[in-house]
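**Q** task: produce atomic coordinates for the following.
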Amino acid sequence: MFSEEEIIIECIKGNRKAEKHLYTKYSALFYAICLRYTQSREEAEDVLITGFTSIFESLPMYKKQGSFEGWMKRIMINTAINHYRANKKHLLDLDLEEIDTLNEISQKTYQDINIKDILNQIQRMPQGYKQIFNLYAIEGYKHAEIAEMLNISESTSKTQYAKAKKWLQCHLEDFKY
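**A** Presented below is the predicted three-dimensional model:
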């Protein structure tokens, strides 16, 4: 129907068919990303809509350097992070330090665990852990990039990631055979 370049040009012009095409093509992928950074489906939907609004508004600034999908994905992730920052005062603070008191987990294999169970556990992670885990392990950002994005130190990113891995290992113990 539309080439990538045509979609960009038509979306900049405000062509609703092109906007719908872009949304339809990427909404499932970006919804999955939003879901990983939020606490509920409704919250993920809000972030998705806000993210697409930002994408449409930012299209005139797209410089066609690198992947268009990657450019949009970065906007969606930044939207999710900004949503977290704006709403973190409303989140329940959990005692995350209790993780350090847990016994070391044996290094068993997790190959028999269903991917859906793993994603569900990631969704249940405390928000600070989940955000860094998603950025590092799933999105592939380096700790220096995460530190810059979240306005934290690189060592904080590394520490939170280590704690997130440990949290996930603890919560996946129930799924092992």
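**Q** worst-scoring helix or strand of the chain, pLDDT-wise?
**A** For the chain, the helix or strand with the lowest mean confidence is helix 115-124, at a mean of 80 (criterion: mean pLDDT, DSSP states H and E).
**Q** buried residues, that one. List them.
**A** Q121, I122, Q123 (16 or more other Cβ atoms under 10 Å). Just so you know, the C-beta spots here come from the backbone N, C-alpha and C atoms, and that holds for glycine as well.
**Q** what's the answer for stretch 162-172, then?
**A** Result for stretch 162-172 [16+ other Cβ under 10 Å]: buried residues K163, A164, K166, W167, L168, Q169, H171, L172.
**Q** ok so, going back, could you dump the buried residues of helix 115-124 to CSV with distance to A28?
**A** Shown next, in CSV, are these (distance: Cβ to Cβ, whole Å):
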residue, distance to A28
Q121, 22
I122, 18
Q123, 17
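**Q** which of those lies closest to A137?
**A** I122 (8.9 Å; Cβ to Cβ).
**Q** who's in contact with that closest one?
**A** Under the criterion of Cβ atoms under 8 Å, 6 or more residues apart in numbering, the contact partners of I122 comprise R36, K130, F133, N134, L168.
**Q** quick one, helices of this protein?
**A** 4-13, 16-37, 41-58, 68-87, 115-124, 127-133, 143-150, 154-172 (DSSP state H).
**Q** could you say which of the ones you listed is packed most deeply?
**A** By mean neighbour count, with neighbours taken as mean count of other Cβ atoms under 10 Å, helix 127-133 ranks first of the helices of the chain at a mean of 22.
**Q** could you break this structure into its assigned domains?
**A** 4-89, 94-175 (automatic domain parsing).
**Q** rank those by pLDDT, which is bottom?
**A** Lowest mean pLDDT of those: domain 94-175, a mean of 75.
**Q** quick check, distance from it to the centre of its chain.
**A** 13 Å (Cα atoms, centre = their mean, to the nearest Å).
**Q** what of stretch 23-41?
**A** 9 Å.
**Q** not counting it itself, show me its contacts.
**A** 44-45, 47-48, 51-52, 69, 72-73, 76-77, 79-81, 83-84, 91, 119, 122-123, 127, 130-131, 134, 138-139.
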